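S.K.: quick one: sequence plus predicted model below, questions after.
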Amino acid sequence: MIKKSLAMFAIASLALTASCKKENAALRIDDQTAKKAELAHAEAGKLPVISFENTEYDFGTVDQGEKVNHTYTFTNTGTADLIISDAKASCGCTVPSFTKDAVKPGEKGEVTVEFNTAGKKGSQSKTVTLTLNTEKGTEMLKFTADVKDNGIGVAKGK
C-alpha cells in the first residue's frame, strides 16, 4: 500500500513538473521571436509556381555527332520570387543551363539543354531535373531524339 501511494505521488509530481515547464517555455517567447513567427506565418501563403509552356521536346531525327539545343520557357505564376538552384541531367551527354537570377512573379525565365549525340544512336530519351524553391521542390524536363547512325560517332568539327 505504501509503495502504491508513493508511486502515485511520484506520478503526480512528474505531471505537475511537466506542466510547469510547458508554461515556462511559453513565457520565454519574447516580442522579437513572436514578430518573426507572425511574419513567417503571414508569408507562408506566398509561393513561387513554375509554369512551363512545354516540359517535353522532340528533336526529331538528328545526325550522330551533332550538338543540338532546345530552350524551355517558363513563367513564375506564383506570388513569390522563383529561384532555380540546380539542374541535373540524366547523363553526361546533356548540359543544362538556366536563368540564375530570381524570377519575379509574372516574369519569364529559361532552361536551355544542349544534347551531344556523339556516340549515341537510335531512339534517345533524356531528362533534366530542376531543383527550385516551389512547394513541390523539383520539376522534370524531358526530350527525345532519333540519332541517325552515320558511322562517325564523334562530334563534327573535332
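M.R.: Yes, it's here.
S.K.: ok, residue 57 to residue 80 distance?
M.R.: 28 Å (CB to CB, to the nearest Å). Using the backbone N, CA and C atoms, a C-beta is placed for each residue, glycine as well.
S.K.: revised request: answer the last question for residue 149.
M.R.: Plainly put, residue 149 is 48 Å away from residue 80 if you go by CB to CB.
S.K.: buried residues in stretch 68-85?
M.R.: 68, 70, 72, 74-76, 78, 80, 82-84 (16 or more other CB atoms under 10 Å).
S.K.: swap that for stretch 83-92, please
M.R.: 83-84, 87, 89.
S.K.: and residue 128, how many residues sit next to it?
M.R.: 22 (other CB atoms under 10 Å).
S.K.: residues contacting it?
M.R.: Residues near residue 128 by CB atoms under 8 Å, 6 or more residues apart in numbering: 87-90, 94, 96, 111, 113, 140-142.
S.K.: ok, those residues vs residue 133, which is closest?
M.R.: Proximity of those to residue 133 (CB to CB) peaks at residue 87, which lies at 13.8 Å.
S.K.: dump the residue contacts of the closest one.
M.R.: Going by CB under 8 Å, 6+ apart, the list of residues near residue 87 reads 96-98, 111, 128-131.
S.K.: once you drop chain neighbours, what's closest to it?
M.R.: Leaving aside its sequence neighbours, residue 87 sits nearest to residue 96 (CB to CB, 6 or more residues apart in numbering; 3.9 Å).
S.K.: report the contact partners of residue 83.
M.R.: By CB under 8 Å, 6+ apart, the neighbours of residue 83 are 48, 102-103, 132-133.
S.K.: let me have the contacts of residue 87 in TSV, extended by distance to residue 63 and pLDDT.
M.R.: Formatted as TSV, the contacts of residue 87 follow (distance: CB to CB, whole Å; pLDDT from 0 to 100):
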residue	distance to residue 63	pLDDT
96	22	98
97	23	98
98	27	97
111	25	98
128	22	98
129	27	98
130	29	98
131	33	97
